[in-house]
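1. The following block contains a protein sequence and its predicted model.
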Amino acid sequence: MSHLPARAFGSLCTAMVTPFHPDGSIDLDSAAKVATKLVDDGCDTILLSGTTGESPTTHQPEKDELTTAVKEAVGQRALIMCGAGSNDTAHAVRIAVAAQARGADALLVVSPYYNRPSQKGLVAHVQAIAEATDLPIMLYDIPGRTGLAFSDETLDRLAAHPRIKGVKDATGNVEQGVGRMHRTGLEYYSGDDGLNFAWMTGGASGFVSVVAHVAARQYRQMIDLLDADKVWEARELSYGLRPLVQAIMGGGQGAVMVKHALHLQGVIATPTLRLPLVTADEGDVARLCRAMEDAGLL
């Protein structure tokens, strides 16, 4: 067997939804239920309060209560990572400190969006968060949402920090990422479900998935196959998941579609979202239902 990559953040992480009651209040019991399902199905890391968790429209103390509920449910069996994302550095620091106080094991830090600072400002932002806690940090590079990519020079500087361990890459540029992971020594994680196989064969440590809400068993099998150098078997498994990935992620809003997927499975009682997100059109839900049926998930 070939040498396996380092995995400070596990290999299969789900960017978990935040379930809500029909009135829009947070549903902590359902959150614990979803997290338990994910770990039972093979996830070794749960990401809370990421974009899929509707982090822009959830607030403290909700984020803290969510961390506590999920930590109590699965914290003995999985690593709990919390998003500490804001375009206000002081706010991001407060989120990070609170997450550690509630038992988080790691942090996900996205580049500041909308105000789009310079690369020097991006470095200062991340370093301020890194100095505020003792937790390992995964950077989140998703310029399509933030408008601010991590440059090579910035990654080189941040990689020198002892608590900055990895990158969730949602740039779509696997070739660039492979070069960066080898140059910096940072652990790389796929941030695009459609590119999970490509990232893994390029040397990534794992992936942070949305589709794993319903396909964690298949993704765990894919990782195990790749770890055993069974590349072609993993390729076929990955290829078979493409319609499901397209049904959930193809519209550009995975949080919406994966809540519908969990609702179709009966895992959550309602696919309630917070504005500005709204429920999917009937046609999109019908396509999702067909893809799930074809994948044996309904």
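-> That came through, no problem.

2. In the protein, mark out all the helices, start to finish.
-> Applying DSSP state H to the chain gives helices spanning 28-40, 62-74, 89-101, 119-132, 143-146, 152-159, 174-184, 196-201, 212-227, 231-240, 242-249, 254-264, 282-294.

3. closest one to V17 among those helices?
-> Of all the helices of the chain, it is helix 254-264 that lies closest to V17, at 5.4 Å by CB to CB. (Each C-beta comes from the backbone N, C-alpha and C, glycine too.)

4. wait, A255 sits on P56?
-> No. The pair formed by A255 and P56 falls short of the contact definition of CB atoms under 8 Å, at 10.5 Å.

5. Sketch out the low-pLDDT regions of the protein for me.
-> The chain contains residues with pLDDT under 70 at 1-2, 252.

6. ok, 50 please
-> Scanning the chain for pLDDT under 50 picks out the ranges 1.

7. ok, now which ones touch the spatially closest residue to G240 that is not a sequence neighbour?
-> Leaving aside its sequence neighbours, G240 sits nearest to A295 (CB to CB, 6 or more residues apart in numbering; 7.4 Å). The contact partners of A295, by CB atoms under 8 Å, 6 or more residues apart in numbering, come to A215, Q218, G240, L241, P243, L244.

8. my read: the last one touches E293, true?
-> No. Applying CB under 8 Å, one finds L244 not in contact with E293, separated by 10.2 Å.

9. neighbour count winner among these two?
-> L244 (22 against 11; other CB atoms under 10 Å).

10. Show me which of A255 and P56 is the more surrounded one.
-> Higher neighbour count among A255 and P56: A255, with 21 against 14, using other CB under 10 Å.

11. Contacts only, for the nearest residue to the more buried one once chain neighbours are set aside.
-> Leaving aside its sequence neighbours, A255 sits nearest to T52 (CB to CB, 6+ apart; 4.6 Å). Residues near T52 by CB under 8 Å, 6+ apart: A15, M16, V17, V210, G254, A255, V258.

12. so can I have JSON lines of these showing distance to I137?
-> Listed next are the contacts of T52 as JSON lines, based on distance: CB to CB, whole Å:
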{"residue": "A15", "distance to I137": "16"}
{"residue": "M16", "distance to I137": "19"}
{"residue": "V17", "distance to I137": "23"}
{"residue": "V210", "distance to I137": "21"}
{"residue": "G254", "distance to I137": "23"}
{"residue": "A255", "distance to I137": "23"}
{"residue": "V258", "distance to I137": "25"}
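
13. Which pair in these has the greatest spatial separation?
-> Distance extremes for the contacts of T52: the farthest pair is M16 and G254 at 11.6 Å, using CB to CB.

14. quick one, which of the two is more surrounded?
-> Using other CB under 10 Å as the criterion, M16 and G254 rank with M16 on top: 27 against 22.

15. Just confirm that one contacts H213, I think it does.
-> Yes. At 7.5 Å, M16 and H213 qualify as touching, with contact defined as CB under 8 Å.

16. Mind listing the shared neighbours of the two?
-> V34, L38.

17. wait, L277 sits on A255?
-> Yes. Using CB under 8 Å, L277 is in contact with A255, at 6.4 Å.

18. shared neighbours, those two?
-> With CB under 8 Å, 6+ apart as the test, L277 and A255 both reach E54.

19. could I get the contacts of A295 as JSON lines with distance to G250?
-> Compiled in JSON lines, the contacts of A295 are given as follows (distance: CB to CB, whole Å):
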{"residue": "A215", "distance to G250": "15"}
{"residue": "Q218", "distance to G250": "18"}
{"residue": "G240", "distance to G250": "16"}
{"residue": "L241", "distance to G250": "13"}
{"residue": "P243", "distance to G250": "10"}
{"residue": "L244", "distance to G250": "10"}
